[in-house]
Structures are given as structure tokens and as C-alpha cells.
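In: Build the 3D model from these lines:
(4 chains, ligands or ions: 6)
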Amino acid sequence: MVRMIDINAIDKPNWCPGCGDFGILLALKGAIVELNIEPENIAIISGIGCSGKVPHWLRTYGLHGIHGRPLPVAAATRLSNHELTVFAVGGDGDGYGIGMCHFIHAMRRNIDMTYIVHNNMIYGLTTGQTSPTSEKGMRTKSTPSGVIEVPVNPIALAISSGATFIARSFAGDVKHLQKTIVDAVKHRGFSLIDVFQPCVSFNHVNTYDWYKQRIYDLQAAGHNTGDKMAAFVKSQEWGEKIPIGVFYEVLSPTYEDELPQIKEMPLVKQAIDNVDISKLMDDFV
Amino acid sequence: MVRMIDINAIDKPNWCPGCGDFGILLALKGAIVELNIEPENIAIISGIGCSGKVPHWLRTYGLHGIHGRPLPVAAATRLSNHELTVFAVGGDGDGYGIGMCHFIHAMRRNIDMTYIVHNNMIYGLTTGQTSPTSEKGMRTKSTPSGVIEVPVNPIALAISSGATFIARSFAGDVKHLQKTIVDAVKHRGFSLIDVFQPCVSFNHVNTYDWYKQRIYDLQAAGHNTGDKMAAFVKSQEWGEKIPIGVFYEVLSPTYEDELPQIKEMPLVKQAIDNVDISKLMDDFV
Amino acid sequence: MEKNKLTWKIGGKAGEGVMATGIIFAQSGSRGGLHVYDINEYPSLIKGGHNTLQVRVEDREIFSQVKGVNVLIALNKETILMHRDELTSGGGIIYDSAEVLDRKEIREDIRLYPVPFNNIIKEIGAETIMKNNVALGASIALIDYDFDIVAGVIRDTFKRKGDRIINDNTMAAKAGYDYLKKNFPDDFNYKLEKIGTGGRMMLTGNDAICMGAIKAGCKFYSAYPMTPASSILHFMAAQERRFNIVVKHTEDEISAINMAIGAGFAGVRAMCGTSGGGFCLMSEGYGLAGMIEVPVVIIMAMRPGPSTGMPTWSEQGDLKFVLNVSQGDFPRPVLIPGDNEECFYMTQEAFNIAEKYQTPVIVLTDKNLAESHKTTEKFDQRRITIDRGVYATASELAASDEKTFFKRYKYTENGVSPRTIPGMKKGIYTATSDEHDEEGNITEDTGNRTKMMEKRMRKLDSLAKELKQPEMVGPRDAAVTIIATGSTKGPIKEAMMMLEKDGVTVNYLQILYLSPFPSEKVASVMDSARKTVVVENNFTGQLADIIREKTGKSVGRRILKYDGRPFYPEEIHREIMEVAHG
Amino acid sequence: MEKNKLTWKIGGKAGEGVMATGIIFAQSGSRGGLHVYDINEYPSLIKGGHNTLQVRVEDREIFSQVKGVNVLIALNKETILMHRDELTSGGGIIYDSAEVLDRKEIREDIRLYPVPFNNIIKEIGAETIMKNNVALGASIALIDYDFDIVAGVIRDTFKRKGDRIINDNTMAAKAGYDYLKKNFPDDFNYKLEKIGTGGRMMLTGNDAICMGAIKAGCKFYSAYPMTPASSILHFMAAQERRFNIVVKHTEDEISAINMAIGAGFAGVRAMCGTSGGGFCLMSEGYGLAGMIEVPVVIIMAMRPGPSTGMPTWSEQGDLKFVLNVSQGDFPRPVLIPGDNEECFYMTQEAFNIAEKYQTPVIVLTDKNLAESHKTTEKFDQRRITIDRGVYATASELAASDEKTFFKRYKYTENGVSPRTIPGMKKGIYTATSDEHDEEGNITEDTGNRTKMMEKRMRKLDSLAKELKQPEMVGPRDAAVTIIATGSTKGPIKEAMMMLEKDGVTVNYLQILYLSPFPSEKVASVMDSARKTVVVENNFTGQLADIIREKTGKSVGRRILKYDGRPFYPEEIHREIMEVAHG
Ligand SMILES: Cc1ncc(C[n+]2csc(CCOP(=O)(O)OP(=O)(O)O)c2C)c(N)n1
Ligand SMILES: Cc1ncc(C[n+]2csc(CCOP(=O)(O)OP(=O)(O)O)c2C)c(N)n1
Ligand code: SF4
Ligand code: SF4
Ligand SMILES: [Mg+2]
Ligand SMILES: [Mg+2]
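Out: Ligands and ions are numbered 1, 2, ... in the order given. Below you'll find the model as predicted:
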């Protein structure tokens, strides 16, 4: 049995007191314990941002890479060793801004892994510029006259891209988030969890209260997670009422399923010290 | 009156005989003549690919940039001189592969310009690798055992991103395409035209006939272009019947509308030889 | 007593307004006609990390930080423990009397000024966050500076927040001032005294760059936030409506440079800015601009690498990266200013070079220069000329054929071809990233290729002829010759003064253009120098490598520092003393 | 009569199978025990552009193309007009008798062999596209080569397309063969004769790289298509199921390198490949791998820049780019093979270096090497050793604390720290792109920073000690010393033979590792050389710059070519004659 103390790191997170990232870390650790996965069989791959520091605050393998690129790193880690449970973690800027290209392509690739986005609708680590999810009109350091664009809608994009598990949760509701992470990990295929994460230092609009006043649970509301159109309709809800929970879930073959190369054992376990290329050379004679 | 000969270039296109790109070029030139825009007031910005060569084959200003990046170049050209009619042109690899990040962000930005994607579901210029729109299972040089991913759905992505004019057309139907381009240019805001473009050299699946057997005109079918949900439903149609035409159109403020900086005149016409920064310096004393 | 020769430092937790308070202090010095230089230190996290701002104030122009702190404001106990050894003899620490402090932990020659921050705040009914001001006020009393100046700076700083905030902040500062005056006898050794009414600006290098860009007529700025370039984005965005500039926070750095290229192509002066990893992402676009000959200015602010490295610290580790990045050979002017004035004037020079030579131009700085404040004389706007380069003349255009494209890439003697921009009748052409002929048509012909390469590269030669050679500062026949570039200028100048006092003659050649490199001048300096050193903020001694590449000559000693901190003059002094006597 | 010393060339429109036919010819030479070298030329467009393949066949090992074509197959008239001047005296042109040709347009010493391609095709009822085979067959008759060998190659080439296609192609070739034999007297001056049964491979540099990677145990290859690296992707993809490799055509090059890093981190041997612009996009990830010490091999195949440049042509213009790209200092081994054997052995060496020194390793090639076929002896698999570097031992792991992280970045003497990979109990750590301590925790401490920089950089020193110094080829005391790197090796070797005949002694130092650079060896060679030249396929003479940077010594003459074409030995010969007699 994996216990909380097995995955606790010595160093304490250095996020701002009250930051939503604490809730996400807690839920993630809770989910690992609940799922009972040995920490050495977990790899958490993050980008750069406040969110990117997650792997440092728990005792699993981690790779804190570069801004916007956790998904390709995580994908290949998983393909190289599909006995690992792989998480990708990043911010809204990281995933929906600079990393948008990988985001869309990861969705359609359906590698069995879980992607958690700390969506605080702001650039935290660089001290408060607009993010792709910042609301139109929001004033930030980089948009002092207000954001002109409409925000990206990660849920709608995920539905449009063929993702097979699409959920939203809230850092202020650790129980809901933990359950969502557990479900996402259990799902065979790519799972997206967009997490509303209050940034207490730079986002004074989308606060804990702001979310609490608006969110409601799709599952409590009887939403049919198998219905793509219904999921899309729900993805468009924004304003007074904002849904959290699982929008859409479907079972399709994973990317790994279609690779006979790794059917017998993970790439990393395959011997390489005696590859014979004689026949290959013959092909060129 | 702008005539065809005013925009003809001397050199003839060097695409493969029969390539769908010819139809697109013809429709584009036809649209320019129909819209009666002086060639010197047009800028066509392309990426790299067979599709990227478009600007060389007609007499307007052009910039044939780097692979995947026509959208940001075009956006800034337009913001710098909004008296120009600006087109961005590229391939499916260019726009939906490497350029996906800009694609999504251009949609939500709503700069008044027209983006034409030569969607041949293959990498043409690099001689036949899979593209993001290649169908699952398609065998190409880079996927000899068949593509594993599900293809991207540019129409659904555009709807999910807040684009204000979203259409699909077919290089084999120059009339339809020309009309679509004309409508797109007239639309105030960002317009996407995804064009089915047969690649006769490398895509032997999605041929002229393949398309002809499947496409039908949304407008003829009485589709309501103002209904986002209906547009999304239509975007999911694929297989025996595939819709072309305008999926969605809506009027929202353009990016330019929200820039008082360019209200009086385009940036490029604003004098810069005597900017006075005395007051700005005073702010720092 | 030491008058008007002070180093004041404030330290505390990130997020507690350490920097803001320090800047009020610095500004107050500047307003009193004094010269100021500050340097900040903070980790890459938002709250809780240790932040400091160290402010040096003197009555002569100063160029960098120096060692030895005279007044330390410790907003928490950690600050005392971390910085106590930096204090000079007779220096004082102002701290919260609520902290339990063991006198034995602090050198005896250091004076302690406990002040009940929280009580004072409570008494006057202000917010806790304003306790910094109590400390600030106390320090003003300690050094006996004019409180009214400070009050004025507070007023201007909080102008937009309304009278209540201004009043509370001022009251807090005043209360701290009064407390110290009342409770501690006036026996402190370091004093500050107003010597004029100021009139100088207090700026960072990034501020100066923005002013330079705005003055140069920059109309388009695109960037993705990245320390230490982010404040350029903030500055430009804040000024976009005042000066009619379109400022775009883009989806990534790839977009940022491609947008700047689109704007340059359309005919406006365009700039983008970034740091290390962001510049990697710009590198492909950089080559595009070089190939299609579109003017664009790129501000590249270095921080320690590799990779994410130390995002909020300083290094000069990207010299060779910037000089060589992107495939193929093309002209790559790289300007590297060493102080605020150079940031200002060279940024506008960068725009002129970019347009005159139709090529991307890099302005290379580092965190130390980008973020340190220095009092700076107002820039002389009359010194600025705007050179937009060569546009096709009306008659050239009229002569142009109806059928072919305009010869946008005409082979010319100096490599520069007259330019057209969209909207110009008969100037039509297509810019292409492929190799092209004079009209911009793609061609793979060997003759054209050779000529086009030569045409493009000639631009660098033409530019080299125009640029002025670097000038040697200091005595001709010095014992030691320093060659350096960029922000080491400040500490080197300070070190030179120290060395002069010690009777060691030194001279100094500052490289302002890494490319085109002033090879001849450097070679002749090396030839006539007795002993040469480079002073560089990087591991390998990249400037020394470049010098050898360009001149074949080896610098005698590489004085290097690569711990993320800029040089202190004392460090340079020490090493050069060794060299001189070695 | 000239036997087994032939240059054969085919030219025609892109999309007409020019390359395929040429390769059948080359393969036929190789199967007859002869040595073959080919070089292709094609523009960056799919159909209609002019394509050629030039094949040199001799009975001794050959290393590059030479000037002078003996047999030209012209599939269209353009080919004749473009290449007629390349023909040697007595050379012949095989062309479609339907073309109207003015005899006066062609030198008298050239023989013409009109063949009715289309009639023949019609007669035998084959498809038009097969007319190439008619021409091929005719050329075989002309040079009197063994038709059965050709038939064998055709059979193997079309194996997967079925018997009908094989038969038609063979018939077409046979018909061409018969037509020429029948209609033209046997008076052609150039003959080819089988001298053995072959047994050698006919490979491109990219093929050799792929074989090297597969033999080295590469399990993961990620790339985005880009000429001239694309064929690596195609090769690896075609072999993915045979050798259990995951091959991924990614969404872009950023993803490609980050995937390779993810795979390297997970513990498999991983590689990615690209060219210029794609490498720009990989540059940030390259630095990441350097910082987190993850092994990954990057194949970088050069083509002429700047920017898109000339995508299907050749240049060595990215030496300094590759050596210096990405922010900060970190160990950057760069291997640069010069022929197929080196491509094979050095690719597997790259994997060993990458794992042994836990760092990204670049293998640098160019289009000329990547895409030219050369007969090559089968590689000796016994020469390959797999060195996976240092993993943490069981006892090291057992000793590791339960609470802290594993010291993945332990300071060590040679800079290499024992490694763990996910799945290993007690080996847990987080790799971070920020500066970090031994356990991988982020820290900005000055002491750690300095030590970590030194630790990482020590790896390069350790590697330098292990690599063997380049060896001089040719007489010790030669009149001229050539220093060069990469694919110029072939033409240089050929030129050296020519120079020897002309009595000019030359020796040649081939740089195999641009980094760590063999500075001492190069310096000593330069010191003892009488005259030095570099031979480089770029504008500035980048290798000469690097030599001066590393040694302070200037190469006497830069023999440069930057028109997109690789050197002909004759060009090198001519310039060196000048140097020798200058
Ligand atoms: C290529 C690159 N560009 C820019 C940066 C600077 N940077 C670091 S974090 C960050 C954004 C942070 O926002 P987000 O991803 O939303 O994460 P958060 O801090 O809000 O969790 C940026 C722009 C970088 N590290 N790399
Ligand atoms: C950064 C970069 N990567 C790769 C390439 C090589 N490349 C040129 S065109 C192309 C793809 C072409 O496919 P698509 O965009 O669909 O255009 P098409 O040729 O089909 O019109 C690629 C990968 C490049 N030029 N730049
Ligand atoms: S800046 Fe915002 S996101 Fe970052 S740690 Fe602080 S509260 Fe959290
Ligand atoms: S390769 Fe395909 S897309 Fe390119 S020109 Fe030929 S047919 Fe058109
Ligand atoms: Mg964020
Ligand atoms: Mg395509």
C-alpha cells in the first residue's frame, strides 16, 4: 500500500499562500494513494510556470522541462515505458498558449496518460500577463487596455480534437478533483483535466468566490458523458453557471494498442546489445 | 476596373499537372477581379509547401515565409496597414500541423483577413508524408503501417475557437470556391476557408472523384449559418456525405475595431520623424 | 562621517513590496540631486522567496553596485542572517523590534535599530503591508535625509491609487522617521544630503530601450513574456495609446518575431523582445528576416542558461549563440550597449541600421542592465536622426515594367536594394524565404545564388565601414588593458577608479558591436597592449573566443564569473591587481 | 578505349522516374563488382522541374563525382541543352529520336544515339512511364555491360509490385538494349565490364545513419519531414516493426526533440533528425537535454540557407550555428562524418557518447552526403560496442535515503553522475531545466551554480580525452595541407589523387569532431604545415573561423563554394595548384 508519506517530498511548495496549486497537489497526491501506484512507477512531466513546479513537491519521477512542451515529453516517456503511469502538468499559458499545437495533437493521438492543466487564467510565474483563457476585457500587465481576443475554450477544443476523456475540476474542491484524477488515470486513453485554479496574486477577478458562485457539477446534473453533442453544448456554458465534472468520455483504441512493437514488453526493457542488421544490409546489396 | 491581366504573373505555376492548387489560384484571381481590389493593395502571405508558392503566381504583394507561420506575419501586416486586403495561404501541414498554435489563436483574435488552407490531406512538397488531416489508417512514407491518430477537424476547431466566418470549399469547383473567397473577403473579421485540394502525386485516396462523390453544398441544403450548434453538428459529418459551403458566420468587433491607435490612419502612414518623448522622460524624474 | 556615499539595502520576503520600497528610496536620492544605482535580487517565485534591493547613492555619477552595505532594512530575520556580513563597520540594521535577536550573532561594530513596525502601523491605523514605509522612514531619519523629498516620491508613486493610500503611506513613513529620531541619538556615521533638485531620470536599461524605441518611431512591438525582457512588454503596452503603437502579447515567440516581420514588411518600424529560450524559438524567423531583407529589431535580454537556468539572475552566456544562430550565412548586426544611455541611443541606432540595411538587428542586453536603475541625464532628442533607408523613387517605380515584378533584390554595390512596401503602385514583388532572383522569383541557379549571397553579405561590409570604431578609455600605455562588452561596463569603470587609486594604470576597450566586429581596432589594441584581460559574465570567456576568432590573438587572462551575479568592481579590481603584479 | 571508368548521367522532368532509373543503373554497376558514386540534382518541386542523377562507375573505390560525362540519357530536349557541355570528347547522348535536334548545336566530338522511345514502348505494349527503361537498356548496350545484371536489379526493385510490372520494365529495357545494338555499330569508347559478383552495399549517408542507429539499439525516432533529413524518417518508419522501434512523425520539430528527450529520460536510446529551420525549432529542446543531462542523438542534415534557402541542394553553412546554438554554456559534442562508413560508425558512437556523457549529441551531415549513393563494404557488426554509461548500482540505490531524492546530479570528477530511470526503486528524482542541486532541486545558490556549471562542462573535457585525434592523410611534409570537415572528404580524396599525378604533394586533416575540437592537433599541424587551406562548402569559411577561434592560427587560403553544389575534385585541384605554385 502506498501511503501519503511515501510520496511526500521534504521541501514544501513555495507557491504563494492560498494559491490554488496547493489544492491540485493535494488532490494529485490523494489520487496516487487512492490508486495505489508505486511512486517509482509514476512520471510527472511539467512545463514552466508556477504550475510547472509540481514534480518537485512529491516523490515520484519527474521532469520539469521547458515552457509549453510537457506533452511531447510525456507522450514519449509513456511510449518508451508503458508500464509507467504518466502525468503531464502545466499552466494555461503553457498548455493553451505556447503549447497549443501539442495540445491539439495530443488529443487526437490518444496516448494513455493524464494531462492536468492549472488554469488560472493568467500568467503566474511571469507576474501577471494575460493568458489565452483570460476573459475578454481583462486588464493585465501586457494588456493594460483590456484583452481583445475571446478566450480559448479548452473543453470545446478537446471535444473537437477527438480526446477520449474530457473533464474540468476546481482546485478549491479537492475531493472533486481527486475523484476526477482517479477517473482520468483509470480511463484507457488520453485524459484532459482543465482545473480552475485561483491565482491569489495576479488574478483578482477569477477568485475562489467567483468560481464557487458559478460552478455546478455535471454529474450531479445528470449529464450524459457519452453524448458528444451534449458535451459540446455544455462546453459553451459560461457566465452565471459554469459546469465542472466529466464532459465526455469514450473508449477507443489507444496509440499504444496499435503498436505491435511494444506488445510484448516496453521499449525500455528490450535488449539492444545484439541487434543484428545483416539482413538489412543484404537489402542494400 | 482590375482585370485578370493586371494580376497575372509572367511565370506559370510549377505545380504538378492536374494539381488542385491550380483551381485555388484561379478562384483567388477570379475573386480579386470580382472584388475589384487594386493588386498593390493586396498582400498574400504564405507558408512553405506546394501551397506556399501561390504568391509567386500572381501580381500582388506577397510574402512566402517559413513553414507554418503565415498567420502571424499576415496578422501584423494587416495591423500595420489595415487599408490592405490580406490573405494568408498555406497547406494542411503548414496550418494544422506545425502551425496549429497560430491557427487557434488567429481564430480568437478576429483580425479582418482571409485564410485559405490548401487541404490535400498530405505533405505535398516533402513528397508524401502523413498530414494532420490524413485519414486514420492512411499509409504514407512516414506512416507505412497506417496513421494511428484521428485526423484534426479544422471546421470544428474553428467553431470552438471563436472564428467569425468558417467555410469549406473544393478546388475542383472553382465557381463555388471563388464565391466563397469573395464572401470571406467581404466578411468583416477573420475568415477561414478550408479547401479540399486533390494532390494528384501523393494522395491517391482523396482524389477529385472521391470528393465529387461525397460533397454537397450546405447553402443548397438550407443550412443556417447563424447557428453555432448546427454548424458544429455539420462539422462532424464525414464519410458518405461531406458538406462544403459556409458553416458559420457571425459579426463581432474585429481586432482592429478595438485599437484606437489606428482609428485615424494606418500605422504605416503615421509620421515618426518627430516623436516627442519629453513628457515620457519627465515621468521618470 | 561619510556624507553622500551610501549603500542602502532592503531585504524581505517576495510579495511584501521590498522592491517598491527600495525604489522609493532610490528615487528620493535622485530627486535630491544625488546619483543612484540599484541592483535587485529575487528568485523565480512569486511569494515567500528572499528579495533584496540594494541602492547605492553618491554625489558623483556611479556606475554599479559596490561591496559594503551601510544601512540594511531587514523586513524579516532571514534578511539579517543572510546579509549581516555585508555591512561595513559602523553600518546599521533597521529591523522589527518584535524579532528576537541574539546580539552575539551580529558583529559588534554593527549598530542595531529595532523599530516596532507593527505597533506603529497599528497606532496610525494603516495596513500591515505599509510597515515597509515605517522602515523606510526610519532609515531616512537615520541618515538624516530630507523627509519632504521622500513624501513627494510617495505621493507620485501612489498617485493613481488615490489620496487615502498616499496619506497612509506617507504617515507610516513619517511615523518611522519620528520613531527613529526620537529613540536613537544622532550618532550614525553615514549621512545623505540633498545637493540639488534632481532633474535626472531614474531608469532601467529596459526603460531606456523602450524610450529609444518609441523615439525611433517604433509602431509595433510583439513579445511573449520572458524575464528579463518582460518589462519591455509592460512598458510598451502601457504607452501604446499615448504613442499609437500596436503592442501584442502573442501566443509564443515564434509568433512574436513573425509578427514583427509582417509589420516590417508592411513598412512600419517593428520590434520584438525576448530572452534565451524565447530567442531559440525566434531563431527561424530571424533567418527569414535576413533572407527576405525585412528590417526588424530584436531585443535579446540574457539570463543564465542553459535552458531555463536561473530566470531572474544575470549572465552574458549567449554571445556566441546570438552571433551564430539560424542556418546559413547572412548579415547579423548585433549591438551590445553597456549602460542606459547606450540602451537608448543604440536602440534607435538599431532601427536605423535595420531599415538602412534591410536586415534584422539584435540589441543584446542582460538582466543586470535590463533591471537595474541608474540616474541618467535626460536623453537629448536632438541627437536622434531617423534614417529609413532607401525606398524606390517615383521614377524608378514608373520605369518598372508592367509585367514583371519590381526588382526588390537588385544587385547593388553596397548590397542594399531600393525598397517598396505594399500599397505602392508598381512596386509589387513577393518576398520569399527561398533563394531568389532580383525580382524575388525562386531560383536555384548557381550564378544567381552566388551573386545573391554576395549581395546580402556586402551589406555587413558596408555597415562595418559606417560604424565608428570603439574608443579606448584610459591612458594609452597602461599596465593592463581590459576588453569587455555589455553590462560589465559599470563595474569595470568603478574598478578602474579603484585601480587608479592603487596606482595601477588600466585602459578599457568596450565592444559596442559584436557584429560587424571591430577586428582591426581590437587587433591593434591587443598588439600594443602590455597585458590584456577580458571581463565576462560567463563560463567559457565567449568574448575572448570571439576575439581570437576575429583576430587570431589570445587575451592574456579571462576574468570570468558565472554564478548568476554580475561583477562587483572589487572582484575585478582584485583580479587585475593580480594580473598587474603577476 | 576506356574501360570501367565511366560517368553516366540521366536527366529529365521531375516526376518521370529519373532518379529511380539512375539508381537501377548504379545498382547494376555495383552488382557487377564495380564501385559506384552518384549525385542527384533536383529542385524543390514535385513535377516538371529538371532532375538529374549522375553516376560514376569505376573498378577502384571512388569517393565523389568528377567532371566529364561519358553517357548522357536525355529524357527531354532540355536535358541535352543543359548538359551537352559536360560531355567528354567521344561521349554519347541517348535521346528520343522524336526530338528535333540541330546537329550544329552539339559539339562534333559528341556522338548521338537517337532511340524511338515511344515507338518501342508501343510495340511492346508497355506504359509510357517505362520509356526510361528503354533508354536505360540502350545505354547498357552502348557501354556493352551485362544485361542480365540489370534485369536482376529491375526484378528486385519492382519485387513488391508483382510480376507484370517486373516483366514490362525488363522488356522495355531489353528492347532499348536490342535497338541500340542493332542500329549502332559498336564503336563507343567507354565500356563497362563486370569484375565480380558485387556483395557491396549501395547506400546513401542517410541509409548508413539509419543502419548505425538501428545497430546501436535506437528504439525511438521522432522527426518532422525536412529535406534532406526526411529519408531518415522514411527509412526508420519502414523498419519500425522489424526492429521494434517507435517512429513518430510529430506535429513539428519542437515536439520531435521533446519526444526524443522524453524517450531518453525514460531510458531508451532515442534520436531525432532535421535540417536548418527545423533545427532552429529544436534548439530550445537541445539546451533542455544539455541541462537535464538526458542522452539524445540529433541528426542535423545541412542544406543551403539562410532560411528556406535551397531546400534540395547542398551546403555546409551551419557549422557555427550548430556549435553555438541555445542559451548558456553546456557540453555540445558535434560529430561530423565524411562518408558512409563514418555515418554508420559515428552514429553508433554518438549514441555511446550520449549515454556515457548524458548529453545531447549532434551528428552533422549535409545533403550531398545524405542523399548520394556510394558502394560501401558491409559494415562490421563486431566493431560495434554498446556503452550505456553509468547507472546507479544496486548498492548506491539501497544506500539512498528514503526521504530525499536520489543524487542524480552528483558532483563527480569526470562530470558524469550515475543515472537512474523511471521504474527504478529508490532512484527517484526530478530532472529540471532550472539550475538545480545534486538531487535536482531548484536552487539559485552561487556555490551550487558554480559547481554545477563546472560539473557539466567537465564532461566535455573528459570526452575530449577519450576521443582519438584526427589523423593526417598523405605525406608528412607536403607542399599544401588541407583541413576540412564533413562531406568534402570525397572530392578532396579525389583531388589528392589528381594532385599527386601532377606532382604536388598534399596532405589532409579531416576534422571528425567539431566539438570537442581537436585544437592541439590542429595547431601542431598548422605549425608544421608549409601552406594551409580549408575546403568548405559555405560563404564565410566557417571551419577556418573555428580553427582560428580554437588555435589562434589563420588558415592560408579558404577554398569556398556556396552555390548550393558540392565541390568537384577538379575545382579543388585547380585552386590547390594555384596555392602550390602561388
Ligand atoms: C520559451 C519561453 N518563453 C517564455 C518563458 C517565460 N515564462 C515562464 S512561465 C510563463 C507563463 C506562466 O503562465 P502559465 O503557463 O499560465 O503558468 P502559471 O505560472 O500561471 O502556473 C512564461 C511566459 C519561458 N520560460 N520560456
Ligand atoms: C520548420 C520546417 N520544417 C519542415 C520543413 C519542410 N517542409 C516543407 S513543406 C512541408 C510540408 C508540406 O505539406 P503541407 O503544409 O500540407 O503543404 P503542401 O505541400 O501539401 O501544399 C514541410 C514539412 C520546413 N520547410 N520547415
Ligand atoms: S503567482 Fe498565482 S499561480 Fe503563482 S504561486 Fe502565486 S498564486 Fe499561485
Ligand atoms: S505534390 Fe501534390 S500538392 Fe504538390 S504540386 Fe504536386 S499535386 Fe499539387
Ligand atoms: Mg497560468
Ligand atoms: Mg498538404
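
In: Can you give me the pLDDT of the spatially closest residue to C:L467 that is not a sequence neighbour?
Out: Residue nearest to C:L467 in three dimensions, not counting chain neighbours: C:Y513, with 5.7 Å by C-beta to C-beta, 6 or more residues apart in numbering or on different chains. Yep, even glycine has a C-beta here, placed from its N, CA and C like the rest. pLDDT recorded at C:Y513 is 98.

In: my guess is C:Y513 meets C:P333, correct?
Out: Yes - using C-beta atoms under 8 Å, C:Y513 is in contact with C:P333, at 7.1 Å.

In: and those two? which has more neighbours close in?
Out: C:P333 (24 against 21; other C-beta atoms under 10 Å in any protein chain shown).

In: Check the separation of the first and last residues in stretch C:373-387.
Out: The first and final residues of stretch C:373-387 sit 30 Å from each other (C-alpha to C-alpha, to the nearest Å).

In: is any part of it close to chain B?
Out: Yes - using C-beta under 8 Å from any C-beta of the partner chain, stretch C:373-387 reaches chain B at C:K378, C:F379, C:Q381, C:I386.

In: buried stuff in that stretch?
Out: Within stretch C:373-387, the residues scored as buried using 16 or more other C-beta atoms under 10 Å in any protein chain shown are C:H373, C:K374, C:T375, C:T376, C:F379, C:I384, C:I386.

In: Okay, and which of those map to strands?
Out: C:K374, C:T375, C:T376 (DSSP state E).

In: Following element in sequence after the helix of greatest length in chain A, please.
Out: Secondary structure of chain A read by DSSP state H shows that its longest helix is helix A:20-35. Reading on from helix A:20-35 to the C-terminus, the next helix or strand found by DSSP states H and E is strand A:42-46.

In: any idea where the strands of chain A begin and end?
Out: Counting by DSSP E, one finds strands in chain A at the ranges A:42-46, A:61-64, A:85-91, A:114-119, A:165-170, A:191-196, A:215-217, A:242-249.

In: Which residues of chain C lie near chain A?
Out: So chain C meets chain A at C:15, C:44-49, C:224-227, C:230, C:233-234, C:237-238, C:240-241, C:247, C:249, C:251-253, C:277, C:307-308 (C-beta under 8 Å from any C-beta).

In: angle of the longest helix of chain A against strand A:191-196?
Out: 140 degrees (axes from the mean of the first three to the mean of the last three C-alpha atoms, to 10 degrees).

In: for helix A:20-35, what is the average pLDDT?
Out: Here the average pLDDT along helix A:20-35 is 98.

In: same deal with stretch C:235-245?
Out: Here stretch C:235-245 scores 98 as its mean pLDDT.

In: now swap in stretch C:209-225 and tell me
Out: For stretch C:209-225, mean pLDDT is 98.

In: That one: end-to-end distance?
Out: End-to-end span of stretch C:209-225 (C-alpha to C-alpha): 16 Å.

In: and the closest residue to A:D21 other than its chain neighbours, what is it in contact with?
Out: Distances taken as C-beta to C-beta, 6+ apart put A:W15 closest to A:D21, at 4.7 Å, once the chain neighbours are dropped. Going by C-beta atoms under 8 Å, 6 or more residues apart in numbering or on different chains, A:W15 touches A:D21, A:F22, A:C50, A:K53, C:L45, C:I46, C:K47.

In: ok, the fourth one to A:M229 distance?
Out: To tie it back to what came earlier, the one meant is A:K53. A:K53 sits 38 Å away from A:M229, taking C-beta to C-beta, to the nearest Å as the criterion.

In: In the stretch 51-200 of chain C, what residue spans correspond to helices?
Out: With helices called from DSSP state H, counting those that start in this stretch, the stretch 51-200 of chain C shows them at C:77-83, C:117-124, C:131-142, C:147-157, C:163-183.

In: Please report the distance of the residue nearest to A:D21 from ligand 4.
Out: 50 Å (C-beta to the nearest ligand atom, to the nearest Å).

In: now do C:V297
Out: Separation of C:V297 from ligand 4 (C-beta to the nearest ligand atom) stands at 36 Å.

In: quick one: the residue in the stretch 151-285 of chain A that chain C sits nearest to from C:E78, how far?
Out: Of all residues in the stretch 151-285 of chain A, A:S201 sits closest to chain C, at 5.2 Å by C-beta to the nearest C-beta. To C:E78, A:S201 is 20 Å away according to C-beta to C-beta.

In: repeat for A:V250
Out: Between A:V250 and C:E78 the computed distance is 53 Å (C-beta to C-beta).

In: between those two, who's got more neighbours?
Out: A:V250 (17 against 13).

In: Tell me which residues touch the closest residue to the more buried one other than its chain neighbours, please.
Out: Leaving aside its sequence neighbours, A:V250 sits nearest to A:T164 (C-beta to C-beta, 6+ apart; 5.2 Å). In this structure, A:T164 makes contact with A:N110, A:H187, A:G189, A:F190, A:S191, A:E249, A:V250, A:L251, A:S252, judged by C-beta under 8 Å, 6+ apart.

In: What's the local residue count around the residue of chain A found nearest ligand 5?
Out: Residue of chain A nearest ligand 5, by C-beta to the ion: A:G91 (3.6 Å). A:G91 sits with 33 neighbouring residues when counted by other C-beta under 10 Å.

In: residues touching it, list them.
Out: Going by C-beta under 8 Å, 6+ apart, A:G91 touches A:47, A:49-52, A:117-120, A:123-125, A:131.

In: again, but for C:K455
Out: Taking C-beta under 8 Å, 6+ apart as the criterion, C:K455 is in contact with C:Y409, C:Y411, C:T412, C:G415, C:S417.

In: Check the secondary structure at whatever residue of the stretch 451-582 of chain C ends up closest to ligand 2 for me.
Out: Residue nearest to ligand 2 within the stretch 451-582 of chain C (C-beta to the nearest ligand atom): C:M452, separated by 19.1 Å. Secondary structure, DSSP: H, G, I helix; E, B strand; the rest coil: C:M452 is helix.

In: How about it, nearest residue that isn't a chain neighbour?
Out: Counting by C-beta to C-beta, 6+ apart, C:M452 lies nearest to C:E435, which is 6.3 Å off, once chain neighbours are set aside.

In: The one you found - how many residues pack around it?
Out: A total of 26 residues lie near C:E435 under the criterion other C-beta under 10 Å.

In: All set, thanks.
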